[in-house]
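Q: Need coordinates for the following:
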Amino acid sequence: MLDEPYYGSAAPLVPPNPTYAKTVRAAKGCQACHLWRIGTQTVFGEGPTPANLMLVGEQPGDKEDLAGHPFVGPAGRILDEALEAAGLKREEVYLTNAVKHFKWVPKGERRLHQKPNRGEIQACHPWLEAELEIVKPKALVLLGATAAQAILGPKFKLTQNRGKFIESDLAEFLIPTLHPSAVLRVPDRRAREEALEGLISDLRLVASKL
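A: Sure, this is the predicted structure:
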């Protein structure tokens, strides 16, 4: 589907002394990696700036790619449910992803999510760094292994550290947890409910610090 993938860096595109508006405009034309060729559009983060709480996922999904907004598909509905159960308001949370374009492979008429690789994550990382500078979160929640490894390094193990606060210069409180899409993928209903409760529990822990 793709030929000659190119992994550059978005760093030259990030405006100096970035503001949210300037950075969003700059990100619209990002071609730092080849994903711009298959994604419909750049899906930048959204929410208040600054914000006490910032959530970082992996990448936009099919619905997000078409709509141009983060967490508006099935995983977004799970996240909304978890935030509400944890006593958090979505409109007070800044939501974004480690990668800003949708990576997918075709299967019939469907577009199936494909995990971004390290080169794609690194190419997009300057946008995430700019968001952290703009948002200045008190608490940072990393949703899933890709987001956690984008921030904490490729050797970070989510399974061993989920729900634990990690020391970081990026926020006073940083915690990795499940991605809402991981909850959706659990085939057994009871296990899926347990996974959702785990996500809610971690968000409640964060809420207690805000």
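Q: give me the low-pLDDT residue ranges for the chain?
A: Along the chain, segments meeting pLDDT under 70 span 1-7.
Q: show me where it has helices.
A: 20-27, 62-67, 74-85, 118-135, 145-152, 158-161, 180-185, 189-207 (DSSP state H).
Q: looking at the ones you listed, which is closest to Val14?
A: Smallest distance to Val14 across those (Cβ to Cβ): 5.0 Å, for helix 118-135. Where you see a C-beta, it was placed from the backbone N, CA and C, and this is true even at glycine.
Q: in that closest one, what counts as buried?
A: Using 16 or more other Cβ atoms under 10 Å as the test for burial, helix 118-135 gives 120-132, 134-135.
Q: Also stretch 40-54?
A: 40-47, 49, 51-54.
Q: Not counting its own residues, what contacts it?
A: For stretch 40-54, contacts defined as Cβ atoms under 8 Å, 6 or more residues apart in numbering pick out 20, 23-24, 27-30, 36, 60, 64-66, 68-70, 88, 91-97, 100-102, 127, 131-132, 134-141, 171, 206, 210.
Q: Need the buried ones from those residues selected in PyMOL.
A: Entered in PyMOL, the line below selects the buried ones among the contacts of stretch 40-54, by 16+ other Cβ under 10 Å:
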select buried, resi 20+23+24+27+30+36+60+64+65+66+69+70+88+93+94+95+96+97+100+101+102+127+131+132+134+135+137+138+139+140+141+171+206
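Q: and the gap between Leu205 and Ile151?
A: 18 Å (Cβ to Cβ, to the nearest Å).
Q: Between those two, tell me which one has more neighbours.
A: Counted by other Cβ atoms under 10 Å, Leu205 and Ile151 do not tie: Ile151 has more neighbours, with 22 against 18.
Q: residues in contact with that one?
A: Here Ile151 is in contact with 56, 98, 128, 140, 142, 168, 170, 174 (Cβ under 8 Å, 6+ apart).
Q: Recalculate using a threshold of 7 Å.
A: Neighbouring residues of Ile151 by Cβ atoms under 7 Å, 6 or more residues apart in numbering: 56, 142, 170.
Q: just Pro18 next, same as before
A: 130, 133-134.
Q: Any of the contacts of Ile151 buried? List them.
A: 56, 142.
Q: Looking at the contacts of Ile151, spot the one nearest His179.
A: The closest of these, once distances to His179 are taken by Cβ to Cβ, is Leu142, at 9.1 Å.
Q: ok, what's across the strand from Ala139?
A: Beta bridges link Ala139 to Leu53, Phe173, judged by DSSP bridges.
Q: Go ahead and confirm Val183 touches Ile78.
A: Yes - judged on Cβ atoms under 7 Å, Val183 makes contact with Ile78 at a distance of 5.3 Å.
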